[in-house]
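1. A predicted structure for the sequence below; I have some questions about it.
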Amino acid sequence: MAAGTRYAGKVVVVTGGGRGIGAGIVRAFVESGAQVVICDKDESGGRALERELPGTAFLLCDVTREEDVRTLISETVHRFGHLDCVVNNAGYHPPPQWPEETSAQDFRQLLELNLLGLYTVTKLALPHLRKSRGNVINISSLVGMIGQTQAVPYVATKGAVTAMTKALALDESQYGVRVNCISPGNIWTPLWEELAAATPDPTATIQEGTLAQPLGRMGQPAEVGAAAVFLASEASFCTGIELLVTGGAELGFGCKAGRGAPLEAPTIPS
């Protein structure tokens, strides 16, 4: 099947689609022949992408506001007549923090965006996805599986995204709606660059991120986009799966101790 016809005639909503991984997903679906609604609360990035890519429409939307999401879904169906795929990509990774530096309020705000926003978009889109026997793709994270230092709230939200994906897949299978998630590893995006810039040695941070993969590089947003198109268009017997797009970062053992005080050998009673 030609690349430009893999998802031709389908309508896709991508949240957080204005930049980074979201923009890579938008581009991949456009290349597959789909019509794509770019949802973002940052108007500048979304509008720029809309101007660049034929077959896209930008809708300003904050996924933490249910009324915004209602408008997003209703306007999409009004314009295009149907909805075939929702990609829940909107999310945020806070700067590194030890547990004692975090706050309950910041945790709640992250949950609102990374988890409850995904829930709201999916819930409101499901009546339309059931009609089209469409699918949902949630963007989770490798760290939801393996953990990450100085990122307790973020890891918790992404672990919940993966778990929710599996539960939704069970519930929606009766309607022919597939629900899957993609868990990226280190993908070079503006957010990754911003987080690196906030560290004491950005060059060393980027080098560490690069060397985390056996493939010896970070991933690109286009590679996550290709995975999303695959799940939507060709993975017809896949539901409830977590597709790792990580360059193998989770493979093998590494040095994990030594960040704090030296570990003492336990005393074994005689």
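-> All right, it came through fine. Numbers count the residues shown, from 1 in each chain.

2. so residue 87, which state does it fall into?
-> On the three-state scheme (DSSP: H, G, I helix; E, B strand; the rest coil), residue 87 is labelled strand.

3. partners of it in the sheet?
-> Per DSSP bridges, the residues bridged to residue 87 are residue 14, residue 137.

4. wait, it touches residue 135, no?
-> No - counting by CB atoms under 8 Å, residue 87 sits too far from residue 135 to count as a contact (9.5 Å). C-betas here are computed from N, CA, C, even on glycine.

5. other residues contacting whatever helix or strand residue 39 lives in?
-> Here residue 39 sits within strand 35-40, counting by DSSP states H and E. With CB atoms under 8 Å, 6 or more residues apart in numbering as the test, strand 35-40 has contacts from 10-19, 22, 26, 29-30, 46, 49-50, 53, 55-61, 63, 72, 76, 79-80, 90.

6. ok, that strand: who's next to it in the sheet?
-> strand 11-15 (parallel), strand 56-60 (parallel).

7. of the ones you listed, which is nearest residue 194?
-> Closest approach to residue 194 among the strands paired with strand 35-40 (CB to CB): strand 11-15, 19.5 Å.

8. okay, buried residues for the next helix or strand along the chain from the closest one please.
-> Per DSSP H and E, the first helix or strand lying C-terminal to strand 11-15 is helix 20-31. Neighbour-count burial for helix 20-31, counted by 16 or more other CB atoms under 10 Å, picks out 20, 21, 22, 23, 24, 25, 26, 27, 28, 29, 30, 31.

9. related to what we said a few turns ago, got the angle between the strand holding residue 39 and helix 20-31?
-> 170 degrees (axes from the mean of the first three to the mean of the last three CA atoms, to 10 degrees).

10. buried residues in strand 35-40, which are they?
-> By neighbour count on 16+ other CB under 10 Å, the buried set for strand 35-40 is 35, 36, 37, 38, 39, 40.
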